[in-house]
Structure formats: C-alpha cells, structure tokens
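Asker: Predicted coordinates and the sequence they were generated for:
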Amino acid sequence: MTGRVTIGSAGRRMRPERIKELTLLGLIAASVIIFGIIVDGYLSGRFFNRVTTSVVIVALLAVGQSLVIISRNIDLSVGSAAGFAAYVTADFLASNGNAHPLIAVLLAMAVGAVLGSFNGLLVSYGGVPAIIVTLGTLALFRTGVSAYAGGENVTTEMLPEWVIQLNSRTLVSIGGFDIRLTLVVALAVVVVLQLALARMRWGRRLYAIGSNPDAAEQAGLPTKQLVFWSFVGSGAIAGLAGFMFMVRIGTISATAGSGLELESVAAAVVGGVSILGGSGTMVGALLGALLIETLKLSLVRVPEVSEFWRDALLGILVLGAVILDSILSKRFTAPRGNGRRDTEALDVEATAPVAAGRVVVEEGSTDA
Amino acid sequence: MREWLRTHRWESILAVILVGTIVVNVVMSPVYLGTGNIVNLFWLSIEKIIVVLVMTFVIINGEIDLSVASIMGFAAAVFATAFDAGAPAWLAILVALGSGAFAGLVQGLVVARLGLPSLVVTLAGLIGFRGAARVLLEDRSITGFPEWFTDLGQQTLLGPLPFGLILFVVGLVLSWILLERSVIGRKIYVIGNNAEVARYSGIDVPRLKLRLFITSGVVSALAGLMFAARLGSVRGSLAEFFELDIITMVLLGGVSIFGGSGTIVGVALAIFTVLNIRNGMGLANVDGIIQTGVVGSLLIGSVLVPNLVEKFRSRRPAPPPDAGQAAGSDREVPTVSPA
C-alpha cells in the first residue's frame, strides 16, 4: 500500500503517466515479440505498414477523445462527426476534382469543428451533461449525413487520383518499413497536443477542470470556454480522422465511421486516460490505439486463433487497463507529506469501493 | 394533482408530448389505432423496452451498464451453442440465463468491490461479451429451435397479446412497486444521491450494486433469448448497438445521469413516446435514420429546455422558493457539497 515506485539514484518518483506509457510500450513490444515467435514471417515491412496506416484513424480519434475526457466529459459523437466530415469532403472532391488537397483537409476539419462546437455549446452553455448531448448528436449527426447523402455513395472512381495515392504516400522507407505521410500527420497532431497540454496554460487548466470542476470554477478559471474549445478541438480532430478514413477506404457511404466512438474511448482508456478526468496524456492515447491495432491485426495472422477472438481479448484488455489505472492512481494519490501520510484514508478507500462512485456523484461528473 | 404536476414537471411535459404524438398519428394514419398496430408498436421493440426497465434502476443507482446489448447477444449465443450441441431447449435457456448472471456478476464485482467506474467497466463488457458471442458462433447463424420456443416470440399468447408484452407489463408494475414502494427502491435512490451518506446510514452499498448488475445481466439475457425467439435464429451480432437506444429512453424519461432521481412513470412515458414517434413516422414512410435523429433531438431537448427555463427564471428578481423541493424530480443535478 505504501510502496513507492522510484527511479534513478535521486529516488525521484516516476510520474504515473510515464509508468503507464512505458507499460504500454512494453506490452506492444511484448506482443510483437510473441507474435513474431508464433507467426512465420510476421516481422515484415508489409505488416508494419498495415498497422501504421490503419492506426492513424483510431489514434486521431482517441487523441481528440482524450482532450474531452481529461476535462471530465465524454464525446460519443466522434464516429458520426468523422463520418459526416468524410462524406462532405468526399462529395466536395467528387465535384471539385482539382481542388488543392490542403483545402480538402481544412474542409474536413472545419466540418468537424462546427459539429464539435454544437456539442460544446450545449455542454458548456446549455448545461446539458456531455454524455446526454453526445449520445443525442451521435444520432443527430448520423441523421444529418444521411439526409445530406440521400442514399448516394461516393465511390473511389469519383475521387481525384491523389486521394487514393495519398494512403501509400511514403516519406522515408527503410527496408520495406515505410514511414507514410498519414502516419506523420497523425504523429504531428499527437506531439503538438501533448506539448500544449503539458506546457501551455490552457492545457494545464484542462487538467485542473477535470480533477475538480468546482474548484476550477471557484479559482476563477474560464471553465465554460475551455470545455467548449475542447469539444471544438475533438470535433476538428474527428474531421481530420474522417479525412483519413476517406483516404484509406475510398468509398464513403452515410454510415461511414459508425462504431468508432466506442473504439476511441477504448483506446483512450487503454492508453491510461482516466475516465474520471484530470489525468492522461496524448502519447498514452496514441499508444493505447497502437496496442489495440497491433493486437487486432496480429490475431488475424495466427492460424490457431480464430479472428473472432479479437473483440473478446480487446474487452479483457480494456478491463485490465482500468484495473491497472486504479491501482496506479491509488498509489499516487497518497498524500506526499513526509510522515503525514494518511494511511487511514487510504484504507477507507480500499475497503469502501464506493469511493470512486462518490466522486462522480458529488462533483457532478458527466461520466457516471 | 397540482402538487403532482409541480413536482413531476418532466413527466407532465412528456405526457403532453405523448398525447400530441398520438393525436398526430391518429390524424395522419387510419391504421394507427388498430389493435394490430398498437400491439406491433410494442412487439417490435419489446426486448429493448424490457431492458430499459432494469437500466432505470442501474442509472438511478448512480451507475451505467453499457454492456446490456452485448449480454443479449452473448446469452443468445450461449443458448444457440448449447442447443446446437444437443442440449434440450429448456436446459439451453437455463444455461443462457446463467451466463447472463455470470456476466453481470463479473462486472458487478469489479464495479462494486473494486470501485471502478461502471462506464469503463461495462465498456469493456460491451466489447468483451460481444466478442465472446462471436467466438461462440463465428459467422454461423443457428436456427431450427423448437416450435414452442419460437412461438413465444412470434405468436400471441392471451388474446392479441404476445408473451413479451405481458412480461413487459408485469415488469413495469414490478419496477414501479420496487422503486416507489419498497425499501430496496429507497436505498437505490439514496445511493444514487450520495453513496457516502448511504454507507454511513448502514446500507451495504457494494452488495446492492452487485445485485443490480447481476439482475441487469439476467434481464438482458432474457431479452436476448426473447429476441432469438422472435427472429427464429441467432447470430453473433444479435442486438448490436441496442445499448444507445436503451439508455436514450431511460434518460428521456427524466432519470438523472448522475443518479438519485427519476421515476418509473417518466420512463414508461418516454418508452411510449419514443415507440409512438417511431411508429407514426414509420407509418408515414419516414426513414429509420430520421426517426433516430428525432429521438436524439428529443433527448437533448429534454434536458436543455428545462435548463434554459430555469436560467430565464432565475434572472427574475424573486426566485421561486420551492426550487429546492422540486429538485427531486427535476432534471437538476442534486447539489451536494463535496465532503
């Protein structure tokens, strides 16, 4: 209970986020090694390329989702928003074949941002809990794109040539291991957001809101604006994910991106982003998405295991991640004062499992 | 009556919406009022609305169960696998119900005993139990169940009433008694309002939560079996994505997502409203996805409109003194100062 994780000779405590990230890296490495031993020819450039291309969509959504979850909200509409952006962009490109690719990207992100601002308005200024708003807009955005599409699909042939080529556009290739443009864009988004959350004022404030919304409000933080903009950000990133979806899949229907909302929450949670808000990193969310994608695509390669095991294992993975998260956070929320450590409080928390629920109820979290 | 209207504002609004929907439906469609259509209206969603009842308990208690639809699929898959392996149907049903109880037990233990947030635990359940259903059935579809089993889902039992509808009515009455008139119901509200207070007043919170999750698992399994009977076949994807519709109906009924408030009357009205809207729009040939959008807007509006009204009111010089009293049944979050 009182054990400390120490690193280095100085005995400085390693931050829980770093432990989570290293655990994830270890798990990814371990699964690659294990699958490498079981499956012949597993460690190929082709497999690496497949994982890194397909992880882009979920990784982006997970990062946007984390932005919202850190402020103790949730965005269940990202799948619908991504689908909406994908359809609008594909439709635009189908009729404006020579538009600049950057225009298409910006269009997708703008569509996502508008949808996200709708969520943000309702949550921040309408006072409606995020889970209710985004459960509603999950349906509403889907209705919107259906009405817009009117039963038509945009097929690969209707899209300009560059869209199809973009998916395999490679920047650097080392012995078959391609570093593709879409991956680099996704990584850039992750790095920028990670730095912003760790170093910039609004980033720190977002964590403060998620840790204790009431305290943040009373400390005079502009909580409403920040939550609003986190939804806009999540929407814009969902739009970008929608663009990537279009690039990867090619044929876009009104149901594009269905189910991605839960996958993004799962990736964020596996990545160590606490559903109760206030903790988690963008790098973690990326690694969560990467671990899920690696396992998904690897299991298909094992002949003895049916591909149908995928979701069952994923469920266990998510559960394992939450349990690990709770063990870590219990250890790290122990008061830091020397000798003043309130072990009694810890024991109460250990014997009274209501504790986690209490936070949710009393502080008006939206993710009960 | 006035008192009831004042303390049950949301229920009153829902009743008005429901009556409005029914009037529009009667005017728009000649077949709407037929017994066949009214029975059908419930029959086509019977599995969902049975789970809505148990979900009401879970959410009032301050938790959520995202895994219900996956447990429906999982239990149906267990039933189909056992039946396919040669077990008699009654035994397969028992095993399926047991598997639902097991699924609820596992999640309940993690939520109640380890204290982890049910949103993520049951998200894991949503993915995991759906996965288990796929592991059992892969891409097969299992049919050929005995006639008495499929008849329960496809034939009427009492006059025009099918088995499922009778079960729903019984469940509705039972839920009302449990929530409004029993000690267990009171405890569920108290826990949802403030689990800490509940603990200090001597309620065994983890035990009650565990029991609720087990019940949720069993009821979902039962609903899955009923769906299997109505369809006459079972696939791994049975009842996929039902959870969103189910939770929407509970929240539309005025149950606070933070727990502690909401009534079974409100939820029943929400069920009738959603089914009538869908049925009416269906009769008018409106696309299913548009219906979903209307229900989605209704869900957001159900919380937004009272909030805006409250905001507008509180700007007036004298705020109504009974605001606190009414909070019990309003969509307001119970304001409990952090300990």
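Answerer: Structure received.
Asker: For chain A, give the residue positioned nearest to chain B.
Answerer: Relative to chain B, the nearest point of chain A is residue A:315 (2.0 Å; Cβ to the nearest Cβ). From N, CA and C alone the C-beta is placed, and that goes for glycine too.
Asker: ok now do the residue nearest to that residue when sequence neighbours are not counted, which residues does it touch?
Answerer: Excluding the flanking residues, the one nearest residue A:315 by Cβ to Cβ, 6 or more residues apart in numbering or on different chains is residue B:128, at 2.0 Å. Shown in contact with residue B:128 (Cβ atoms under 8 Å, 6 or more residues apart in numbering or on different chains): A:311, A:312, A:314, A:315, A:316, A:318, A:319, B:67, B:70.
Asker: Low-confidence bits of chain B, can you list those?
Answerer: For chain B, the stretches flagged by pLDDT under 70 are B:1, B:316-339.
Asker: Just the closest residue of it to chain A, please.
Answerer: Relative to chain A, the nearest point of chain B is residue B:128 (2.0 Å; Cβ to the nearest Cβ).
Asker: ok, residue A:330 - how many residues close by?
Answerer: 16 (other Cβ atoms under 10 Å in any protein chain shown).
Asker: Can you name the helix or strand that it falls in?
Answerer: Here residue A:330 is covered by helix A:309-332, with elements defined by DSSP states H and E.
Asker: Would you tell me which residues of the stretch 101-250 of chain B are close to chain A?
Answerer: Counting by Cβ under 8 Å from any Cβ of the partner chain, the residues of the stretch 101-250 of chain B close to chain A are B:110-121, B:123-132, B:134-135, B:138-139, B:192-196, B:198-199, B:205-206, B:236, B:241, B:244, B:247-248.
Asker: residue ranges for the helices of the stretch 101-250 of chain B, please.
Answerer: Remark: helices assigned in the stretch 101-250 of chain B by DSSP state H, counting those that start in this stretch are B:114, B:118-137, B:147-154, B:163-181, B:183-193, B:195-200, B:205-231, B:242-252.
Asker: How about the stretch 151-300 of chain A?
Answerer: With helices called from DSSP H, counting those that start in this stretch, the stretch 151-300 of chain A shows them at A:161-166, A:181-199, A:201-211, A:213-218, A:223-249, A:260-270, A:282-299.
Asker: Of these, which is nearest residue A:77?
Answerer: With Cβ to Cβ as the measure, helix A:260-270 is the member of these nearest residue A:77 (6.7 Å).
Asker: neighbouring contacts of that closest one?
Answerer: Residues from elsewhere that reach helix A:260-270 (Cβ under 8 Å, 6+ apart): A:24, A:57-59, A:61-62, A:64-66, A:69, A:74-80, A:82, A:134, A:138, A:241, A:275, A:280, A:285, A:288-289, A:291-292, A:314, A:317-318, A:321-322, A:325, B:120, B:123-124, B:126-127.
Asker: repeat that for 6 Å
Answerer: Residues from elsewhere that reach helix A:260-270 (Cβ atoms under 6 Å, 6 or more residues apart in numbering or on different chains): A:58, A:61-62, A:65-66, A:69, A:76, A:78-79, A:285, A:288-289, A:292, A:317-318, A:321, B:120.
Asker: and residue A:183, how far is that from residue B:223?
Answerer: Distance, residue A:183 to residue B:223, using Cβ to Cβ, to the nearest Å: 43 Å.
Asker: Please say which of those two ends up with more neighbours.
Answerer: Neighbour totals were compared for residue A:183 and residue B:223, and residue B:223 leads with 31 against 20 (other Cβ under 10 Å).
Asker: Helix or strand for the nearest residue to the more buried one once chain neighbours are set aside, just tell me which one.
Answerer: Distances taken as Cβ to Cβ, 6+ apart place residue B:47 nearest to residue B:223, at 4.2 Å, with adjacent residues excluded. Per DSSP H and E, residue B:47 falls inside helix B:46-60.
Asker: Please save the CA atoms from the helix or strand following that helix in CSV.
Answerer: Next helix or strand after helix B:46-60 toward the C-terminus (DSSP H and E): helix B:68-84. Provided in CSV are the C-alpha atoms of helix B:68-84 (Å, rounded to 0.1, in the frame of the first residue of the first chain):
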residue,chain,number,x,y,z
VAL,B,68,-26.6,-4.9,-21.9
ALA,B,69,-26.9,-5.4,-25.7
SER,B,70,-23.7,-7.4,-25.8
ILE,B,71,-25.0,-9.6,-23.0
MET,B,72,-28.2,-10.1,-25.0
GLY,B,73,-26.1,-11.3,-27.9
PHE,B,74,-23.8,-13.3,-25.6
ALA,B,75,-26.7,-15.1,-23.9
ALA,B,76,-28.4,-15.8,-27.1
ALA,B,77,-25.1,-17.2,-28.5
VAL,B,78,-24.7,-19.4,-25.4
PHE,B,79,-28.3,-20.7,-25.9
ALA,B,80,-27.8,-21.4,-29.6
THR,B,81,-24.4,-23.1,-29.0
ALA,B,82,-25.8,-25.3,-26.2
PHE,B,83,-28.9,-26.1,-28.3
ASP,B,84,-26.7,-26.9,-31.3
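Asker: does any bit of helix B:68-84 sit next to chain A?
Answerer: No: judged by Cβ under 6 Å from any Cβ of the partner chain, helix B:68-84 stays clear of chain A, getting no closer than 8.6 Å.
Asker: which residues are in contact with that helix?
Answerer: For helix B:68-84, contacts defined as Cβ under 6 Å, 6+ apart pick out B:51, B:89, B:92, B:95-96, B:99-100, B:103, B:126, B:129-130, B:132-133, B:136-137, B:142, B:217, B:220-221, B:223-225, B:228, B:234, B:238-239, B:242-243.
Asker: and if you look at stretch B:247-260?
Answerer: A:129, A:131-132, A:361, A:368, B:10, B:52, B:55-56, B:59-62, B:189, B:192-193, B:262, B:266-267, B:270-271, B:274, B:299, B:302, B:333-334.
Asker: picking up where we left off before, put the buried members of the residues of the stretch 101-250 of chain B next to chain A into a PyMOL selection.
Answerer: Burial among those is assessed by 16 or more other Cβ atoms under 10 Å in any protein chain shown; the matching PyMOL selection reads:
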select buried, chain B and resi 110+111+112+114+115+116+117+118+119+120+121+123+124+125+126+127+128+129+130+131+132+134+135+192+193+194+195+196+198+199+205+206+236+244+247+248
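Asker: can you pull the contacts of residue 235?
Answerer: Just so you know, I chose chain A. Residue A:235 sits next to A:81, A:112, A:113, A:115, A:116 when contact means Cβ under 6 Å, 6+ apart.
Asker: my bad, the chain I had in mind was chain B
Answerer: Contact analysis of residue B:235 by Cβ under 6 Å, 6+ apart lists residue B:141.
Asker: gap between it and residue A:240?
Answerer: Distance, residue B:235 to residue A:240, using Cβ to Cβ: 35 Å.
Asker: What of residue A:37?
Answerer: Look at residue A:37 and residue A:240: by Cβ to Cβ, they are 37 Å apart.
Asker: out of the two, which sits in the busier spot?
Answerer: The neighbour count for residue A:37 versus residue A:240, taken as other Cβ under 10 Å, is higher for residue A:240 (27 against 10).
Asker: Helix or strand for the residue nearest to the more buried one when sequence neighbours are not counted, just tell me which one.
Answerer: Leaving aside its chain neighbours, residue A:240 sits nearest to residue A:109 (5.3 Å; criterion: Cβ to Cβ, 6+ apart). In the assignment (DSSP H and E), residue A:109 maps to helix A:101-120.
Asker: what does that helix contact?
Answerer: A:81, A:85, A:88-89, A:92-93, A:133-134, A:137, A:141, A:228, A:231-232, A:234-236, A:238-240, A:242-243.
Asker: same thing but 8 Å
Answerer: A:75, A:77, A:80-82, A:84-86, A:88-89, A:92-93, A:130, A:133-134, A:137, A:141, A:162-163, A:166, A:227-240, A:242-243, A:246.
Asker: Alright, calling it a day.
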